[in-house]
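Undergrad: starting from these lines, generate the structure:
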Amino acid sequence: MIVPLAEGVRELVRDGDTVALEGFTHLIPVAAGHEIIRQGRRDLTLVRMTPDIVYDQMIGAGCARKLVFSWGGNPGVGSLHRFRDAVQAGWPVPLEIEEHSHAGMANRYVAGASGLPFAVLRGYVGTDLAGRTATIATVECPFTGEELTAVPALNPDVTVVHAQRADRAGNVQLWGITGVQKEAVLAARRSLVTVEEIVDELTPVPGQVVLPARVVTAVAVAPGGARPSYTHGYYARDNSAYQAWDAISRDRAAFGAWLRTEIHGGAAPAREEENAP
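TA: Got it, this is the predicted structure:
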């Protein structure tokens, strides 16, 4: 099903959902994240292996109550200041965190995609994450007696990813550094894929991942939908945007001005308008 982005978010992303916006280095679904902010979604559990500035923006906008992740930062620049403010000062709302390793998160998605209740791996040894994260446990191999680590499957209510293109039937094609997008979509109850373009036929590309229409709930055309990250074969990473975000995100007032101008077009956020006298 091909829909406008606003409709896709309105129909698929609901208050209180567990939402994964995945993409590694490139193909980050920034336009979809901004639309989630624009529609005023609240109490979300945000899941992402590497939350970067779009999650910083969503957290600062008050969308999230919890973050499940394995690394967080403004890549190549530094910290996520809206994320830090939410954890340390509870602004704009308190943020609960659940931290894993990259391997743990990837295995959780694989378990979810495979219909399994948990994943087993050799990991977390020598770290204090197991003592701080309730979703990490030790299990004994029934064949060798080796002590291993178990992590529960991740099954988001909705996964959102960005891709290069889809055909008119809703089959999606992505390539380049693909990360865990496929597994995150297969693990989810619903999925929304934003794409650069719709084409009549998907021309094979080396290293491609194809998500068949049967596993994709909706596709939305969003040219430039990964900016300021890049989309392989379409546009480059905007490094200056990541650098500029550091200054914007450090200050609550500057962030509020950015939110009004860049997300809401100068208008008050939808839920502020609804509650206005």
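Undergrad: contacting residues for the nearest residue to residue 33 once chain neighbours are set aside?
TA: Leaving aside its chain neighbours, residue 33 sits nearest to residue 54 (4.1 Å; criterion: C-beta to C-beta, 6 or more residues apart in numbering). The C-beta positions use only the backbone N, C-alpha and C, and glycine is treated the same way. Residues in contact with residue 54 (C-beta atoms under 8 Å, 6 or more residues apart in numbering) are 21, 28-30, 33-34.
Undergrad: quick one, helices of the stretch 151-277 of the chain?
TA: With helices called from DSSP state H, counting those that start in this stretch, the stretch 151-277 of the chain shows them at 181-187, 239-250, 252-258, 270-275.
Undergrad: in TSV, list those along with mean pLDDT and mean neighbour count.
TA: Output for the helices of the stretch 151-277 of the chain, formatted as TSV (pLDDT from 0 to 100; neighbours: other C-beta atoms under 10 Å):
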stretch	mean pLDDT	mean neighbour count
helix 181-187	97	24
helix 239-250	97	16
helix 252-258	97	14
helix 270-275	45	11
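Undergrad: skipping adjacent residues, who's closest to residue 213 in space?
TA: Nearest-residue entry for residue 213: residue 170, 3.6 Å, with adjacent residues in sequence omitted and distances by C-beta to C-beta, 6+ apart.
Undergrad: which ones are touching residue 212?
TA: Residue 212 touches residue 171, counting by C-beta under 8 Å, 6+ apart.
Undergrad: swap that for residue 36, please
TA: Counting by C-beta under 8 Å, 6+ apart, residue 36 has contacts 9, 13, 19, 44, 58, 63.
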